[in-house]
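Student: Everything below, folded, please.
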Amino acid sequence: STPTMLSTVARRNLNSAFLRTNRTPSSFNKQGSSLPTSRFQYQSRQSSSSNEEVFHSSKASNIFTKESNNLLWLSAAAGCIGVVTFSLFASASDKQQIEVEATVATVDELKDGQLKQVKVGEVDILLSRIDGVYYATDLKCTHYGAPLNTGQLVGDFVFCPWHCAQFNVKTGRAETAPAIDDLNTYPVRIEGDKVIVGVPAGNQVPPTHKAVLAYQESGSDKRTFVIIGTGAAGTVAAETLREDGFKGKVLLVTEEDLPPYDRVPLSKAIGVPADKVVLRNDDFYKKIGVDLLKGKQVVDVNHTKKTVTFKDGQTVHFDSLLVASGAAPRKLNIPGAQLSNVFTLRDPKDSAGIDSAVKDAKSVVIVGSSFIGMEVAACLKKNKGVEKVIVVGQEQVPFERVLGKEVGSALQAFWEENGVSFRLAAGVKEFQGNGKVEKVVLNSGEVIPADAVVVGAGVIPNTSFLKNAVPLKRDGGVTVDQYLKVVDGVYAAGDIAYFPYRGEDIRVEHWAVAQQQGRIAAHNMLGLKVPYETVPFFWSNAFGTGFKYAGHASSFDDVAVVGDTKKRQFLAYYGKQGEVKAVLGMGKNLVPSLELLRLEKLPPIDQLKSGKVDVDALLAKVQSTH
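Tutor: Got it, this is the predicted structure:
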């Protein structure tokens, strides 16, 4: 049963959602009707024509065509067309006046599992059908505004076509990263053979937020919870504590002078202004009673005394601590590394510095051929118009360690087609210049002219302040259990955490993983004992095309590529001893494979190599038995 300390907003049917996503479903009031769960409209990050190409792949977003949508989930039981009453699920209050109604479909227009974009008044709406019942939510993903009608409905959940955030279409709730805000839901009724959707007065649900609702409820708690880090994990953890009904003191600590922001666009949109990527502003934290401490560097943690000490000498006590301090870019220890115009990339200041340095640059060298380096190279070439962009990497092909030679070679060819050149199986000996970098000298002796250098050579966990508190791994990471606990009263999440995943301890440096772990850590700080079991996921994009990756393969001995790598329309399955550990999709729908991987129902890699496995049909069959 749910602990009685949880607020009304947090008393939920925990079991099903925890098993699927490690996130609680929508809340219910005393009458059983859903409380408002629409987003608190501080920072609107809906996409516009200027940022769509930066934050998603236009080609990848079109993989769900009208024809393919019509084929989705035909094997699902049709059921009877039902009437969805206001009190059952609508996030608009059942007392709220409906200003605009519109007939948006006939009762037999959609089959179960299908989606449709409709408009009521001035509001764009996603219409979906599950088990014969129609539901209506906002059309656009709350992450960066992807049109959800081009995504895929699996069970009760619609997958965003850009970054695979999942929303429960019955409740509007954002169930998985990278979305942190819910969709508004709208009342649906059936009149004859007409499906009618209503929009409240003012064409929108009154702005509310789960954490705000919970914090405004009565109650008190004398405990203090401290969160170190305002990246993906820390940001979500702070508001999850409030959603779960915690009324004590919450300190959210950052070394930076900015409120929490999205780091992901920094390598894809060099020079993006900080205010364009802010996740939550200062006013939001006042609303939910979280003390946002900026410019505070932690120098020591004592888990026995339960204290955190800052560089300025201040010490604070905690009852529970979450360390989500992220990682710092690795710097090269070579001659010339301190020259001007040699950059690493972590924050908006770094991004702005690179942007300024490349305005008149003719040649820029990128050191590192994995995700950060390759994304920066693509951005500089396509968006900044740099004449020569040269990537220097130690691997035989880009992304080799993570994606293998065949996929890496295909991606290298794609970058080369767009004007990026490579020096691979190569190392950097030194940077040369008079105060500012002018040349990059390789171990081979080759000298490359450079007006700027961006180093993307991996990261190091920010954990030096924990050295007297808990054992650290060789790379600075911290080992946690399935509940993300380090020791009693101390939790860790995100880039620093080695967590158990399907038989091994892994550390994953992905935004979506950190965000989801922040949610789980917050639940467990409150004693809910929720294991972290989500399948790791990340995405990347360049030159208007993106790819997505699900799972984790620390190493692999086989790769099954299904499709055409030259056309960049393929799925690549990564296996170890016959078992699929991860899958990458480019120009192909990843969702069925992701779901089958989550359910541990993907066939052995030898079967996938044949190209005869229909993952869509297999998922439909699996879902029909669950």
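
Student: Specify the local secondary structure of L266.
Tutor: Following DSSP: H, G, I helix; E, B strand; the rest coil, the label given to L266 is helix.

Student: And C379, by the same measure?
Tutor: C379 ends up helix, using three-state DSSP.

Student: quick one, what contacts it?
Tutor: When contacts are counted by C-beta atoms under 8 Å, 6 or more residues apart in numbering, C379 touches 267-270, 542. (Each C-beta comes from the backbone N, C-alpha and C, glycine too.)

Student: Can you get me the centre-to-centre distance for the helix or strand hosting L571 and its chain?
Tutor: Per DSSP states H and E, L571 falls inside strand 569-576. Centre-to-centre, strand 569-576 and its host chain are 21 Å apart (C-alpha atoms, centre = their mean, to the nearest Å).

Student: helices or strands next to that strand in the packing?
Tutor: Contact here means 3 or more C-beta pairs under 8 Å, 6 or more residues apart in numbering; DSSP states H and E; on that basis strand 569-576 packs against helix 400-417, strand 558-564, strand 579-586, helix 605-609.

Student: Determine which of the ones you listed approaches V100 most closely.
Tutor: Proximity to V100 (C-beta to C-beta) singles out strand 579-586 among the helices and strands packed on strand 569-576, at 38.7 Å.

Student: That closest one vs strand 569-576, what angle?
Tutor: 160 degrees (axes from the mean of the first three to the mean of the last three C-alpha atoms, to 10 degrees).

Student: low-confidence ranges in this structure?
Tutor: Low-confidence segments of the chain (pLDDT under 70): 1-96, 201-209, 213, 217-219, 626.

Student: Can I take it that G373 is in a helix?
Tutor: Yes. Per three-state DSSP, G373 lies within a helix segment.

Student: so who does it touch?
Tutor: With C-beta under 8 Å, 6+ apart, G373 has these contacts: 366-367, 391, 393, 454, 456-457.

Student: Quick one: mark the members of those residues that sit in strands.
Tutor: Within the contacts of G373, residues falling in strands by DSSP state E are 366-367, 391, 454.

Student: For the stretch 351-500 of the chain, which segments count as helices?
Tutor: 371-382, 400-417 (DSSP state H, counting those that start in this stretch).

Student: Backbone dihedrals for T106, please?
Tutor: phi -100, psi 160 (degrees, to the nearest 10).

Student: What's opposite it in the beta bridge?
Tutor: Bridge pairing for T106 (DSSP bridges) gives the partners K194.

Student: Test my guess that it contacts G192.
Tutor: No. Here T106 lies out of contact with G192, judged by C-beta atoms under 8 Å, at a distance of 9.1 Å.

Student: So which of those two has more stuff around it?
Tutor: T106 (12 against 8; other C-beta atoms under 10 Å).

Student: and the more buried one, what is it in contact with?
Tutor: Taking C-beta under 8 Å, 6+ apart, one finds 193-195 in contact with T106.

Student: can you give me the strands in the stretch 101-250 of the chain?
Tutor: 115-120, 123-130, 133-138, 152-154, 157-159, 166-168, 185-186, 188-191, 194-200, 224-228, 249-253 (DSSP state E, counting those that start in this stretch).

Student: right, so of those strands, which gets closest to P604?
Tutor: Comparing the strands of the stretch 101-250 of the chain by C-beta to C-beta, strand 152-154 comes nearest, at 22.8 Å.

Student: Summarise which helices and strands the closest one is packed against.
Tutor: strand 157-159, helix 591-598.

Student: Now tabulate the ones you listed in TSV and tack on mean neighbour count and distance to F465.
Tutor: Below are those laid out as TSV (neighbours: other C-beta atoms under 10 Å; distance: least, C-beta to C-beta, whole Å):
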stretch	mean neighbour count	distance to F465
strand 157-159	24	38
helix 591-598	23	35
